[in-house]
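Enquirer: give the three-dimensional model of this entry:
(2 chains)
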Amino acid sequence: NAGVTQTPKFRILKIGQSMTLQCTQDMNHNYMYWYRQDPGMGLKLIYYSVGAGITDKGEVPNGYNVSRSTTEDFPLRLELAAPSQTSVYFCASSIIQIDNYGYTFGSGTRLTVV
Amino acid sequence: ILNVEQSPQSLHVQEGDSTNFTCSFPSSNFYALHWYRWETAKSPEALFVMTLNGDEKKKGRISATLNTKEGYSYLYIKGSQPEDSATYLCASHTGNQFYFGTGTSLTVIP
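Expert: Next up is the predicted model:
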């Protein structure tokens, strides 16, 4: 049982480049989330999805896009990368939004935009 | 936006000491509180999910309490061990989404 798998683990982008952060879960969870963590700040929700074909904005969605074509996959797309998007990105999933188990997190993607 | 605050920001204790830290959150529209343990270079792992006022949960030497009326939760570690060194995160849910605190970084000195 792999849980939540994120790729890549590290990436350096130049300003204006684009990339997709991949997230896959094998637990058949309905809910999936993308968070970013900046130094000294709590995890901030970028986008979330309640099931295949359904996505919604979180607290800090600007500069990002997501899609959820399958239950397993929830990629995060950065278009026109900016230095402000330098952060550590975490994908997470849960059975429902509030359950007895909490979120299962991926191992994170450290992104630097230069 | 919901402000979830954790204190202290960091803590150093000697092995064998017991310790506790606090998560404060707005008490209105409360649905659930999560506690996570986050070791360096790993991903957060869920410790407790708490929903009811007065809830007390325990896992080994770690326990947590919840007061939804006054908006706080305590995490207790009894007899701290070096392997307890980690950041402990809480997150509060208002019915829309979870909001995370910035964590308490615990270092247990052998």
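Enquirer: tell me the residue of chain A that sits nearest chain B?
Expert: Relative to chain B, the nearest point of chain A is A:Gly102 (2.8 Å; Cβ to the nearest Cβ). The way it works is simple: take the backbone N, C-alpha and C, and place the C-beta from them, glycine included.
Enquirer: residue contacts, that residue?
Expert: By Cβ atoms under 8 Å, 6 or more residues apart in numbering or on different chains, the contact list for A:Gly102 reads A:Ser94, B:His34, B:Tyr36, B:Ala46, B:Leu47, B:Phe48, B:Val49.
Enquirer: 7 Å instead?
Expert: The contact partners of A:Gly102, taken as Cβ atoms under 7 Å, 6 or more residues apart in numbering or on different chains, are B:His34, B:Tyr36, B:Ala46, B:Val49.
Enquirer: so which two of the residues you listed are the farthest from each other?
Expert: Maximum pairwise distance among these (Cβ to Cβ): 10.1 Å, between B:Tyr36 and B:Val49.
Enquirer: so what's B:Gln14 bridging to?
Expert: Note on B:Gln14: beta-bridge partners B:Ile109, judged by DSSP bridges.
Enquirer: am I right that A:Thr55 is in a helix?
Expert: No - counting by DSSP: H, G, I helix; E, B strand; the rest coil, A:Thr55 falls outside a helix, being strand.
Enquirer: sorry, back to before: could the contacts of A:Gly102 go into JSON lines alongside pLDDT and distance to chain A?
Expert: Compiled in JSON lines, the contacts of A:Gly102 are given as follows (pLDDT from 0 to 100; distance: Cβ to the nearest Cβ, whole Å):
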{"residue": "B:His34", "pLDDT": "95", "distance to chain A": "5"}
{"residue": "B:Tyr36", "pLDDT": "96", "distance to chain A": "7"}
{"residue": "B:Ala46", "pLDDT": "94", "distance to chain A": "3"}
{"residue": "B:Val49", "pLDDT": "94", "distance to chain A": "5"}
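Enquirer: pull out the buried members of these.
Expert: For the contacts of A:Gly102, a neighbour count by 16 or more other Cβ atoms under 10 Å in any protein chain shown gives the buried set as B:His34, B:Tyr36, B:Ala46, B:Val49.
Enquirer: quick check: phi and psi on the first one?
Expert: Okay, so that is B:His34. When read as degrees, to the nearest 10, the backbone of B:His34 gives phi -110, psi 140.
Enquirer: and it, what are its bridge partners?
Expert: Taking DSSP bridges, one obtains B:Val49, B:Ala91 as the residues bridged to B:His34.
Enquirer: is it in contact with B:Val49, as I believe?
Expert: Yes - between B:His34 and B:Val49 there is a contact at 5.6 Å, judged by Cβ atoms under 7 Å.
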